[in-house]
Structure formats: structure tokens, C-alpha cells
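1. from the sequence below, what's the structure:
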Amino acid sequence: MRAKRVLTIAGSDSSGGAGIQADIKSFAALSVHGMSVITAITAQNSLGVHAVHEVPVDMVAAQLAAITADEGLRVDFAKTGMLYSTTMIESVARALKRSNITFVLDPVMKAGAGGALIEDAALQALTTHLLPLCSVITPNVPEAEILSGLRIRTKEEVKAAARAIHALGAPAVVVTGGHLADELAAGRATDVLYDGAFAEISAPLVKPDRIVHGGGCSFSAALAAELAKGKPLQVAAATAKGFVHDAIVNGELVSGLLVVNQARGQQTDADRYWTSENVRLAVGMLKATIGFENLIPEVGTNICMAIDCATSEQDIAAVDGRIIRTADGIRAGCVAFGASDHIARLILAMRAQNRTYRSAMNVKFAPEIVEACHKLGMAVSSFEREQEPEYVKTMDWGVTEASKAFVPEVIFDRGAVGKEPMIRIFGTTAVEVVEKVRRIVAALASVSIKAFSF
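-> Model (predicted):
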């Protein structure tokens, strides 16, 4: 089946955080084909809107006519964003009505960084000509106050405003959350949906002390994309809410402004696949390394690798059941996320010292192995388990202790009562770690094998 086609009719944000740019990125992230009609060009950055140039209305009408005239580009759903003037709103409303396109109305009034994106005189035209045509309107609280003429400070006042906007002709209203004092106190942002009945969609409030740039555009774009796929309004709104929440969580701070990252979900999924494949390749390399079996400790070995934005063991791929030495050779389980505890926590601790180190592996301790690491020019450090304070996590403390003078790529300890001595080798990828292990194995093989006792 072909991808659904979603049209955005909005302004261009030269900083790339909102407007047409945010819409297209959201469409791509949600696997719909995005099309655009540009209504205005803004000169803006993280400090605000510096200039606005409205695209001639005739040119906007020509863009709409070109898209709607092509049966091969049939629009499944649309959304509107920045419509600066009364003339522009009236022209777009006529085109949408004539082509019978269903759309989400995002009543863009002000940029997140500051600056008006609609003329005062155009607000009445938006309410009169565009609002009754949309399938759903998505104001934030300040926009809902302007549209309804009501003061909003509480959840009940949000509901009153939603009813008032619905009474103006909008079939459905979603007042996006995150602006109320009680939301800040509770740490949750709640969207209020009203289409004759109320529904609430809530998510944790992200960085309430930051102004978010591109959140409203991304939400309305995501809502349009999900409605284009045929999802019911409440389901589509919940999906859009989750999408924007993740985009904010993974946003980037620019001059105190939080710019959303709509592609982070896809980037993370791709990174998880690449990470697990890297570990699988590394395991294959270990199995093919003659002599590696002599480095496997009694407890077994594991090789792990974290995704770039790892925050827990569930974000780290490892060998399930570890790698062990048997009479039949090396045996390794499948690669899975969350399969390791010890080495995974080691990586998380090391990333606080050097974020480029995403992978680690444990091998048995022997003075000859440590000496080989030194001769190979590896940065080696250690910690003593006997000095470990009470009530600390061993790996967190051990990595910090071993990294006091420099960040090592090899950390060892000589064990303690009930604790096998161990060497841990770090690298940027699992394959890089295995390459280091291979160099160690080769260095050991160059020494008199008879004199080296494992």
C-alpha cells in the first residue's frame, strides 16, 4: 500500500525548529509522505522572530491548485500552521473548501522564541472562515484564551474554553497541556480533548523551565499523520502526544530554548539494530580467534555495547548467558538487550568518564595479560576491592576510582573474598573491543607459550 499523503500549509522557520521544517520531519518520522505549501518566510533563530515576509497570496493559491489538481498526489489529510494575514486565511479557506480536504487547524499565533506569527486583524478571519472547516483545532492554553475570550488558570477553565471553541464551529478541540500551575506541580502535561465529550491525555512534563520550540507544530503534524492513517481521533491524539513527548525528551538546548527532535525515535531504533549487529559480529570474531578461549574467566565472559543514548541496562546489547568455554569449544548465547547486568553497569559508569566508550568486555586476570596491555600501549588502571566503601555500587565506584588520574581503556582488580579477579577492556564499539582482545592474544602468543600459564 502507498504511504498516506499529508499536506502542511504553513510558514518556513529559518532555524529549522518549527513551521514547515518541523512538519516535514514529523511526517517522515511517522512514515507518511509530506507535501508543503509555504505561506510565509520568517527570519528567526533561538532568540526570536526578526522578520516576516508573507508569500504572495496568488503564489500560495497556485501551490494549492497544483497539488489538488494532480490526482496522483491526492491529499489524505492536511494541517495548517502559520497564516499571517486575513487575505491569506480567506484564500486558503476557499481552496480547502473547494477541494474538500480534511485538516487539522493549528492556530499559530506566536513563535516559541517570541514574535507574532499572525496579524491581530487576522484572528477574526481565522475564527470565521477556517475554524468551521477543520476537523480538529489544536490550540495551546494562551491560544485557547484568545480564541475563547476566557481566562484559563485551571483544568475546569481549560474545559470551558474548549467548549467555547467547539461552539464556534470546530468539530473537535484539543487544548494542549503544560501551561497550568497545577500541571507544573504535578509534573504532568495533560491535553484536553473535547468533541461533545471530554477526554484527557497525559504524559510526564519535560523540562518545565524551558521554552519548547516546535512542539505545537510537531503535535498538529503528528495528529494529521495519524488521522490520515485512519486512526480514531482520541487514539491519534494519544499517539501524537507520545510522539511529541519523545521529541521533547530528546530535544536540544539552544540558547536556553529546547528545540524538539522529531527523528530521535527512528535514530534510536536504527542505533539499537546497529548496536546488536555489532555485538553479533564481535561474538563471531571472538569464536574465530584462536587462543581467545584461554582468556575466558571462570564466571564466563560477556561483551556488551550500549546505544548512544543509553540510560539503563535495557539499552545495552549483550550475550544472553555469557560466553563460556566448554569441552566442545566456545559457546555463546544469543544477543539481546538487557541480557547483562555487571558489564552493562560497567559501561554506564565508564560513559560518565568518556561518552565515546560504548562497549566493554571482561577477561580473566593474569599479570601476563596486564603486561601485554601495557606493551601494546593501552591505558591501564586498577582499583582494589578491599578499599570499596560500604553502600556504593561496585562498578560505579571502581570505574571512578580507576579514572582519577586518566580515563583508562583497561581496568583490572585482583579480586577479594568470593570475588574473582578480573580485567575489563573498553572501546567505542564491540568490534573495536574484540580487535583489542585479538592484539592481546597475539602479544601473548609471541611470548613463550610454555612460560605462560593460564
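2. where does pLDDT dip in the chain?
-> Residue ranges of the chain with pLDDT under 70: 111-116, 207-208, 448-454.
3. residues in contact with the residue nearest the centre of the chain?
-> Geometric centre of the chain, nearest residue: residue 264, 3.1 Å, by Cα atoms, centre = their mean. Listed by Cβ atoms under 8 Å, 6 or more residues apart in numbering, the contact partners of residue 264 are 246, 247, 249, 250, 309. (Each C-beta comes from the backbone N, C-alpha and C, glycine too.)
4. go with 7 Å
-> For residue 264, the contact set (Cβ atoms under 7 Å, 6 or more residues apart in numbering) comprises 246, 247, 250.
5. just how off-centre is the helix or strand where residue 203 lies within its chain?
-> Per DSSP states H and E, residue 203 falls inside strand 198-204. Between the mean C-alpha location of strand 198-204 and the chain-wide mean there is a distance of 21 Å, by Cα atoms, centre = their mean, to the nearest Å.
6. which helices and strands does the very next helix or strand once past it pack with?
-> Where DSSP H and E defines the elements, the next helix or strand beyond strand 198-204 is strand 211-213. Based on contacts counted as 3 or more Cβ pairs under 7 Å, 6 or more residues apart in numbering; DSSP states H and E, the elements that strand 211-213 packs against are strand 257-259.
7. pull out the buried residues from the helix or strand just after the strand it packs on.
-> Per DSSP H and E, strand 257-259 leads on to helix 264-287 as the next helix or strand towards the C-terminus. Within helix 264-287, the residues that qualify as buried are 264-265, 268, 271-272, 275-276, 278-280, 282-283, 285-286, counting by 16 or more other Cβ atoms under 10 Å.
8. name every strand pairing with the next helix or strand after helix 264-287 and say which way it goes.
-> Sequence-wise, the next helix or strand downstream of helix 264-287 (DSSP H and E) is strand 303-306. Strand pairing for strand 303-306, using DSSP bridges, gives strand 316-319 (antiparallel), strand 359-364 (antiparallel).
9. the stretch 301-450 of the chain: strands as residue ranges?
-> 303-306, 316-319, 323-326, 329-332, 335-337, 359-364, 380-382, 410-413, 422-427 (DSSP state E, counting those that start in this stretch).
10. residue 67: which of those is closest?
-> Residue 67 sits nearest to strand 335-337 of all these, at 42.6 Å, using Cβ to Cβ.
11. now the strands for the stretch 101-250 of the chain?
-> 103-105, 136-137, 173-175, 188-194, 198-204, 211-213.
12. give me the residues contacting stretch 194-208.
-> Contacts of stretch 194-208 (Cβ under 7 Å, 6+ apart): 159, 162-163, 166, 171-173, 178, 183-184, 187-193, 233-234, 237-238, 241-242, 245, 248-249, 258.
13. what subset of the residues you listed is buried?
-> 159, 162, 166, 172-173, 178, 183, 189-193, 233, 237-238, 241, 245, 248-249, 258.
14. can you list the domain ranges for this protein.
-> By the assignment in automatic domain parsing, the chain contains the domains 5-261, 267-451.
15. report the beta-bridge partner residues of residue 191.
-> Beta-bridge partners, per DSSP bridges, of residue 191: residue 201.
16. rewinding a little: for the domains of the chain, which one ends up most surrounded?
-> domain 5-261 (a mean of 20; mean count of other Cβ atoms under 10 Å).
17. quote the end-to-end distance of that one.
-> Distance between the two ends of domain 5-261: 22 Å, counting by Cα to Cα, to the nearest Å.
18. use 52 as the first number for this chain going forward.
-> I'll keep to 52 as the first residue from here, and by that count the last item is domain 56-312.
19. tell me how far it lies from the chain's centre.
-> Distance of domain 56-312 from its chain centroid, counting by Cα atoms, centre = their mean, is 20 Å.
20. do stretch 457-473 as well
-> Centroid separation between stretch 457-473 and its chain, computed with Cα atoms, centre = their mean, is 35 Å.
21. what's in contact with it?
-> Stretch 457-473 has contacts (Cβ under 7 Å, 6+ apart) with 348-350, 404-405, 413, 416, 421, 424, 429-437, 449-450, 453, 474-478.
22. what's the answer for stretch 482-491, then?
-> 329, 332-333, 336-337, 340, 343, 346, 354, 410-412, 414, 420, 423-424, 427, 476-478.
23. how about stretch 231-238?
-> Under the contact criterion Cβ under 7 Å, 6+ apart, stretch 231-238 has outside partners 192, 204, 205, 206, 228, 240, 241, 255, 256, 259.
24. what's the answer for stretch 279-287, then?
-> Under the criterion Cβ under 7 Å, 6+ apart, residues 55, 57, 83, 127-128, 187, 223, 244, 246, 250, 274, 277-278, 290 lie in contact with stretch 279-287.
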